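Participant: please find the sequence and the predicted model below.
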Amino acid sequence: MKDLKALIVGMGRSGRAAADALIREGAVVSIQDSKDASAFEEEFLNEMKASGVTAYLGCIPEDMSGFDMLVLSPGVPPTLSFVEDAKASGAEIIGELELAYRLCKGRFVAITGTNGKTTTTTLVGEIYKASGRDTIVGGNIGNAIAADALSAGEDTWMITEVSSFQLETVRDFQPVVSAILNLTPDHMDRHKTMENYGRAKARIFANQSEDQYCVLNYDDEASFELAEREGHRARIVPFSRKCELEFGAFVKAGRIVIKNEAGEEIDICGTDELKIPGTHNLENALAAAAVCYFGGIDPEVIGKTMKAFAGVEHRIELCGEKDGVRFVNDSKGTNTDAAIKAIEAMKENIILIAGGYDKGASYEEFIGVFPGRVKELVLMGKTAPKIKAAAEAAGFTNITVADDMEGCVRAAWEKAQPGDVVLLSPACASWDMYDNFEQRGDHFKECVQKL
């Protein structure tokens, strides 16, 4: 990377990590963001200036022919005109994940899917740590992976949550074990079609070799067929909570078991020993068990860690109880399928807080799981009118629209009875009102604590 002329596009968490890594590697670094300098803290701007970085903040370079490489942050579409100009001039277009892979000496485990990525990646990370392996967990959660790439050694395992946005711009990325958990409509504002979305996800196994593993959800046809449709060389490891398999991870007599290549059945743990609720979390546990077993982790370590794992913040997280009313933070439910899984996990007597940034989703299937479960709907954000219209068209009329999170929590509390659950599961991204889903979930919890 020394003396390579690189433009980092997008100065969020991953863009800053990419810039720092390239500066340390001796590249000639420029940065670009659609926000002007006033949107950034003075310390960051001074650091960039001291490192000799050229900043294009609130503007783009007039001449894109001077760059050898563009490194795109996940939120930056590769179809932007100035990115296309750079590509036409011979620049290589990659993302922060690809950059981190090239700079890193460690080995990668990569997990993607529409839903369950964070829970599964966190659980896999805990299992790898419990096994004694040098482990770094990051990517789409925690640190941007480029932030840790240079410090990782040859014995380090990079347990990485990766999104479709990150996978769009990989070139050489080759995890030892990969996993696609599921595939349901999401980010249609960016990918336009499910075929495009699936093709981006399939990049996770595109470079894997015959001695590496790709874990796929046998029960989810859309994701399981990707390997055949897009082509693969990796050994496919199916997991299923519905069927007993000849090979892979599945449920048998209430136990999570793995059948290996030799046909041996390895017991991991009982399904009733898992602390994380819901059938979707059983799928996450099956995927994690498969990833870790075929990654070489001892089955006893896998089972022990899975039984102790209590879940992750912002995903079906019990965050308070008052007068018999439970408050559950599922801010990570950023699409309709994730929200449906949270509703199904709660079962009944739900006062649901939903709404946010519009990713082009339709809400009919989401509304379809309300009967017998959701008794009141409290909406906020840009999608509030769209969700309200879909609910009313389906005959659901117990709807309140609030201006903000404080108003939603207050309205939900006023409607709640002992035994009810107030569930924040927005079915939408957070970007219309918050920087990210974590900030939204933290604000919900603050509002709950004020009660």
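Facilitator: Cool, got the structure.
Participant: who does Asp33 bridge with?
Facilitator: Counting by DSSP bridges, Asp33 forms beta bridges with Leu57.
Participant: residues in contact with it?
Facilitator: 9-11, 15, 39-40, 56-58 (C-beta atoms under 8 Å, 6 or more residues apart in numbering). Every residue, glycine included, has its C-beta placed from N, CA and C.
Participant: relative to Tyr128, which of the residues you listed is nearest.
Facilitator: Within the contacts of Asp33, the smallest distance to Tyr128 is 27.4 Å, found for Gly15 (C-beta to C-beta).
Participant: circling back to that earlier point, mind checking which of the contacts of Asp33 are buried?
Facilitator: 9-11, 15, 40, 56-57 (16 or more other C-beta atoms under 10 Å).
Participant: excluding chain neighbours, what is closest to the residue nearest to the spatial centre of the chain?
Facilitator: Residue closest to the average C-alpha location in the chain (C-alpha atoms, centre = their mean): Lys117, at 4.9 Å. Counting by C-beta to C-beta, 6 or more residues apart in numbering, Glu161 is the residue found nearest to Lys117 once chain neighbours are left out, at 4.8 Å.
Participant: what are the bridge partners for the one you found, then?
Facilitator: For Glu161, the beta-bridge partners under DSSP bridges are Ile111, Gly139.
Participant: that older thread, now the two most distant members of the buried ones among the contacts of Asp33.
Facilitator: Val9 and Phe40, at 14.8 Å, using C-beta to C-beta across those.
Participant: sketch out the strands for the stretch 101-250 of the chain, chain order is fine.
Facilitator: 107-112, 134-139, 156-161, 177-180, 213-217, 235-240, 248-252 (DSSP state E, counting those that start in this stretch).
Participant: re the thing from before, which one of the buried ones among the contacts of Asp33 is nearest Pro385?
Facilitator: Gly10 (30.0 Å).
Participant: tally of neighbours for the nearest residue to the closest one once chain neighbours are set aside?
Facilitator: Spatially, and ignoring its direct neighbours in sequence, Gly10 is nearest to Ser73 (2.9 Å; C-beta to C-beta, 6+ apart). By other C-beta atoms under 10 Å, the residues close to Ser73 number 24.
Participant: okay but Ser73 is in contact with Ser14, surely?
Facilitator: Yes - between Ser73 and Ser14 there is a contact under C-beta atoms under 8 Å: 4.9 Å.
Participant: shared neighbours of those two, which are they?
Facilitator: Contacts common to Ser73 and Ser14, judged by C-beta under 8 Å, 6+ apart, are Glu96.
Participant: how close does Asp3 get to Leu45?
Facilitator: Asp3 sits 24 Å away from Leu45, going by C-beta to C-beta, to the nearest Å.
Participant: more neighbours, those two?
Facilitator: Neighbour totals were compared for Asp3 and Leu45, and Leu45 leads with 14 against 9 (other C-beta under 10 Å).
Participant: in which helix or strand does that one reside?
Facilitator: Of the helices and strands defined by DSSP states H and E, Leu45 is found in helix 42-50.
Participant: gap between that helix and the chain center?
Facilitator: Relative to its chain's centre, helix 42-50 lies at 30 Å (C-alpha atoms, centre = their mean, to the nearest Å).
Participant: tell me the buried residues in it?
Facilitator: In helix 42-50, counting by 16+ other C-beta under 10 Å, buried: Met48.
Participant: so what's Ile367 up against?
Facilitator: Ile367 neighbours (C-beta under 8 Å, 6+ apart): 387, 390-391, 394, 396.
Participant: what does Ile350 give?
Facilitator: Counting by C-beta under 8 Å, 6+ apart, Ile350 touches 343, 373-375, 420-423.
Participant: that older thread, next, format the contacts of Asp33 as a markdown table and append distance to Val328 and pLDDT.
Facilitator: Formatted as a markdown table, these follow (distance: C-beta to C-beta, whole Å; pLDDT from 0 to 100):
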| residue | distance to Val328 | pLDDT |
| --- | --- | --- |
| Val9 | 37 | 96 |
| Gly10 | 33 | 95 |
| Met11 | 34 | 94 |
| Gly15 | 33 | 94 |
| Ala39 | 34 | 92 |
| Phe40 | 35 | 93 |
| Tyr56 | 43 | 97 |
| Leu57 | 40 | 96 |
| Gly58 | 40 | 95 |
